[in-house]
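Sequence and predicted structure are below.
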Amino acid sequence: MRHDHIISAKQLSRADIEAVLDHAADIAADPSAYADRHADTLLGLLFFEPSTRTKMSFTAAMKRLGGDIVDMGSVESSSVKKGESLADTVRVVEGYADALVLRHPMEGSAKMASEFVDVPLVNAGDGAGQHPTQTLLDLYTIRENAGFDDLTIGIMGDLKYGRTVHSLAHALTNVDARQHFISPESLQLPRSVRYDLHQEGAEVREHTELETVLPELDVLYVTRIQRERFPDESEYREVAGQYQIDSETLDAAKDDLTVMHPLPRVDEIAHDVDDTEYATYFEQAHNGVPVRMALLDLLLEANR
Amino acid sequence: MSDDDQQLRVAKIRNGTVIDHITGGQALNVLAILGIDGTGGDSVSVAMNMPSDRLGKKDIVKVEGKELSQNEVDVLSLIAPAATINIVRDFEVIEKARVERPSAVEGILECPNHNCISTVDEPVESRFAVVDDGVRCEYCDTIIRDDLPAHILAD
Ligand SMILES: [Zn+2]
């Protein structure tokens, strides 16, 4: 890995992805071997919007590498509230930390912030833009459960605003997966993502119903359809209801289907799926720690 | 009718710029890019949808007293890729150049995505990569295909 900053899944080549996933697998096999690897390292956490899990996952990853975190705290109690620019904030905090993790509600924020700092910066989600570490843990989970060879994946739900989807779609082109996108028409992939997939020659199909494609899938990646995307409640309910799955829905699936979800879920995956062999979303969430450990380790080593 | 004859249809200028071979119908957008609305007092001539061997139909814009900046030429190239720019001094064309599509344009267009970091008060210029059929924000990836002049940043 020769990147200074991790901004977008688009920047990760197949070799980069394999390097992180292989390293994550090594770490997962023997985490104690890495326990002192980054003693004295401080990771700066800048979360401009609440995301408890992602923040905890990065915190756990850094601490399990022997390092520690410095945390900006909530935006309400910081100088950001007084109107400080993001460019200024990151320049100040880079003086306190060896690497930065940024979560920000605006698209392009991580890219911009990275132009102002010398320490490595990791994008932990920028608006509806990109979320590359989520993508890496998704890929890790996919590789562990379904492999990358001859992979057919369905990605379902809010494809328009779901940054995890955009990141993942880009990365999947690197492993030549067949991608099926299943969503209401109003929540189909945005133009820029279609453009990239087209440029990269990805094999992509779009559907409004899961039934037509479910039997072909090795992986079904479900995302949440958010209420606030719809002008009225009834419209939301009508659409969202069509994209819920339960164990009965999955009768039509392959026996070794892997069902994933970036979590938190609301009701798009019924609880009766949890006890089936298909359910992989909790494992997926747990994979966040070894994958982030691997990424941080590679980044910190490269920038030592 | 030769191109030279056509140019005569609109008044000759003493000093300034003649933009020729503008894609037919785009002349008013070219004026918008140049920030010319006639209130500046300089004389401006526009000819639209003139027959052209190369383009079928072309527009011509002549602006007295103005030479174009590189930024202006770059945006111009996006809506009028075949345009030629003639610098006129003392009624003579002293320089003739074709526009070239740049690989990126900076600080000229505003990103239409209101949730894009380049649209708020941060110390960066907007930056767009020029792609096959439009431009793409280097920060948020939003693609603009149509109506580029509507996205030109106000000074
Ligand atoms: Zn933008």
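Received, thanks.

Now do residue 93, the pLDDT please.
Using chain A. Per-residue pLDDT puts A:V93 at 94.

I was after chain B.
If you check B:V93, the pLDDT there is 92.

Run through the residues that contact it.
Neighbouring residues of B:V93 by CB atoms under 8 Å, 6 or more residues apart in numbering or on different chains: B:V18, B:N86, B:I87. All C-beta atoms are positioned from the backbone trio N, CA, C, and that covers glycine.

Tabulate the residues you listed (TSV), appending secondary structure.
Supplementary listing: the contacts of B:V93 in TSV, determined by DSSP: H, G, I helix; E, B strand; the rest coil:
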residue	secondary structure
B:V18	strand
B:N86	strand
B:I87	strand
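
Please, a ChimeraX command that selects the buried ones among the residues you listed?
Selection command for ChimeraX covering only the buried members of the contacts of B:V93, criterion 16 or more other CB atoms under 10 Å in any protein chain shown:
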select /B:18,86,87
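
From the contacts of B:V93, pick the one nearest A:L299.
Closest to A:L299 out of the contacts of B:V93 is B:I87 (50.7 Å), distances taken as CB to CB.

Identify the residue spatially nearest to the closest one, adjacent ones excluded.
Nearest non-adjacent residue to B:I87, counting by CB to CB, 6 or more residues apart in numbering or on different chains: B:E95, 4.1 Å away.

Give me the neighbour count for B:S69.
By other CB atoms under 10 Å in any protein chain shown, the residues close to B:S69 number 11.

quick one: it and the ion, what's the gap?
23 Å (CB to the ion, to the nearest Å).

And that residue, its phi and psi?
Phi and psi for B:S69, reported as degrees, to the nearest 10, are phi -80, psi 160.

where's the residue nearest to B:I87, which helix or strand?
Take DSSP states H and E as the rule and B:E95 turns out to sit in strand B:92-98.

and the longest helix seen in chain B with strand B:92-98, angle?
Taking DSSP state H as the criterion, chain B has its longest helix at helix B:70-79. Orientation of helix B:70-79 against strand B:92-98 (axes from the mean of the first three to the mean of the last three CA atoms, to 10 degrees) gives an angle of 60 degrees.

Which elements pack onto helix B:70-79?
Judged by 3 or more CB pairs under 8 Å, 6 or more residues apart in numbering or on different chains; DSSP states H and E, helix B:70-79 is in contact with helix B:27-33, strand B:104-106.

Can you add mean pLDDT and mean neighbour count and give these back as JSON lines?
Listed next are the helices and strands packed on helix B:70-79 as JSON lines, based on pLDDT from 0 to 100; neighbours: other CB atoms under 10 Å in any protein chain shown:
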{"stretch": "helix B:27-33", "mean pLDDT": "88", "mean neighbour count": "20"}
{"stretch": "strand B:104-106", "mean pLDDT": "90", "mean neighbour count": "16"}
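
For chain A, find the nearest of the ones you listed.
Evaluated over the helices and strands packed on helix B:70-79, closeness to chain A peaks at strand B:104-106, with 12.8 Å, by CB to the nearest CB.

what does the closest one rub up against?
The contact list for strand B:104-106, computed with CB under 8 Å, 6+ apart, reads B:N71, B:D74, B:V75, B:L78, B:E125, B:S126, B:R127, B:F128, B:A129, B:V130, B:V135, B:E138.

which parts of the helix or strand that that strand is followed by are buried?
Next helix or strand after strand B:104-106 toward the C-terminus (DSSP H and E): strand B:127-131. Neighbour counts over strand B:127-131 (16+ other CB under 10 Å) mark B:R127, B:F128, B:V130 as buried.

What's the mean pLDDT across the helix or strand containing B:V135?
Mapping B:V135 onto the secondary structure by DSSP H and E places it in strand B:134-137. Averaging pLDDT along strand B:134-137 yields 93.

can you tell if that strand touches chain A?
Yes. Strand B:134-137 comes into contact with chain A (CB under 8 Å from any CB of the partner chain), by way of B:R136, B:C137.

Tabulate the helices and strands packed on helix B:70-79 (CSV), appending distance to A:F116.
Output for the helices and strands packed on helix B:70-79, formatted as CSV (distance: least, CB to CB, whole Å):
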stretch, distance to A:F116
helix B:27-33, 31
strand B:104-106, 17
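
And these: which comes nearest the ion?
Closest of the helices and strands packed on helix B:70-79 to the ion is strand B:104-106, at 12.8 Å (criterion: CB to the ion).

ok, whatever residue of the stretch 51-200 of chain A ends up closest to the ion - how many residues close by?
Shortest the stretch 51-200 of chain A-to-the ion distance, computed as CB to the ion: residue-wise this is A:G108, at 5.5 Å. Applying other CB under 10 Å, we find 29 residues neighbouring A:G108.

Who are the contact partners of the residue nearest to it when sequence neighbours are not counted?
Once flanking residues are discounted, A:G108 sits nearest to B:Y139: 2.7 Å by CB to CB, 6+ apart. B:Y139 makes contact with A:E107, A:G108, A:K111, A:M112, B:C111, B:C116, B:I117, B:S118, B:V124, B:S126, B:R127, according to CB under 8 Å, 6+ apart.
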